[in-house]
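Colleague: Make a model of this:
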Amino acid sequence: MQKLLIATTNQGKLREFQNFLSDVPLELVSLRDLGITQDFEENGKTYGENSEGKARFYAKLSGLPALSDDGGIEISALNGAPGVHSKRWVGESSTDEKIIEKMKQVSRDLPEGNRRAVFKTIVTVVFPDESIIQEEGVVEGIIAKKPLLKILKGYPYRSFFYLPEIQKYYHEADLSPEEEKLYNHRYKAVNKLKQKLKEKLM
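Modeller: So this is what the prediction gives:
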C-alpha cells in the first residue's frame, strides 16, 4: 500500500488528518514512525508558502509523498491578525496557556459590532517528483466573550471561536462527530484534496 507522510509534530493535527483520510486506501505514517526529528522553520509570508515549504522539506527527507498544512485565525477587527503569526503571536516561547491569556484580553477589547473571525488553512501534498497539490479550507465564526473552559491541546484559539449558526464552540468537546467535519477548516481542505490524491497515488 502506498505510504503518505503526515508531516506534523502537532498530535491534534495528526489525529485529525488520520481521521479525515481514513477512507483513502493509503498507509498514513507520521514523522515519529519514520524516526524523523528534524524541524522545518516556518518563515514564509503566507500559509501557502509555509505549507508547501514544510511538505517539500519532509518529502525530500523521507522519499515519500508528504502532506503538511499551515493556517491560522484571522480576526476582522484586528485587520486579519494574527493570521500567519498565530502560532507565535505571544512570542517564540508561545504556549497554549499564554495564547489563552492573550485571547482573553483580545476578546474583552473587541468592538461589540465586529467580533467576526475566520479559521483558514492551506493543505499541501508534495510528491517525490516535486509535483504538488494544494487546497484551502475556511470556516467562519466569531470570537466569544467567554471562552470554553476546556483547553484543546494544540488548539488554544478554538476555546474562543464560536459558530453562531449552530450555537456551539469550534471545539471537539462541544461538537458532534458530524459537526466536527462539517465545520472543520482542515477537513474542508482535505476533502477537496482527496480525489486528486487518489488519482496521483492509486
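Colleague: Just the strands from the protein, written as ranges.
Modeller: Along the chain, counting by DSSP state E, strands occupy 3-6, 27-30, 66-75, 116-126, 132-143, 161-163, 168-169.
Colleague: Spit out the contact partners of residue 187.
Modeller: 16, 20, 137, 180-181 (Cβ atoms under 8 Å, 6 or more residues apart in numbering). (Each C-beta comes from the backbone N, C-alpha and C, glycine too.)
Colleague: before we move on, what about residue 130?
Modeller: Contacts of residue 130 by Cβ under 8 Å, 6+ apart are 56, 59.
Colleague: State the distance from it to residue 52.
Modeller: Per Cβ to Cβ, to the nearest Å, residue 130 is found 11 Å from residue 52.
Colleague: do residue 24 as well
Modeller: Residue 24 is 21 Å from residue 52, by Cβ to Cβ.
Colleague: same question, residue 184
Modeller: Taking Cβ to Cβ, one finds residue 184 at 21 Å from residue 52.
Colleague: sorry, back to before: drop anything exposed from the contacts of residue 187.
Modeller: 16, 20, 137, 180-181 (16 or more other Cβ atoms under 10 Å).
Colleague: what's the most distant pair in those?
Modeller: 137 and 180 (13.2 Å; Cβ to Cβ).
Colleague: what are the ranges of the helices in the chain?
Modeller: Taking DSSP state H to define them, one finds helices in the chain at 11-20, 47-62, 96-109, 177-182, 185-201.
Colleague: Not counting sequence-adjacent ones, nearest residue to residue 39?
Modeller: residue 9 (7.9 Å; Cβ to Cβ, 6 or more residues apart in numbering).
Colleague: How about residue 103?
Modeller: Nearest non-adjacent residue to residue 103 (Cβ to Cβ, 6+ apart): residue 160, at 4.9 Å.
Colleague: coming back round to it: out of the contacts of residue 187, which comes closest to residue 3?
Modeller: When the contacts of residue 187 are compared against residue 3 (criterion: Cβ to Cβ), the nearest one is residue 20, at 17.0 Å.
Colleague: Give me the distance between the closest residue to the closest one other than its chain neighbours and residue 179.
Modeller: In space, and not counting its chain neighbours, residue 20 is closest to residue 190: 4.5 Å by Cβ to Cβ, 6+ apart. Distance, residue 190 to residue 179, by Cβ to Cβ: 16 Å.
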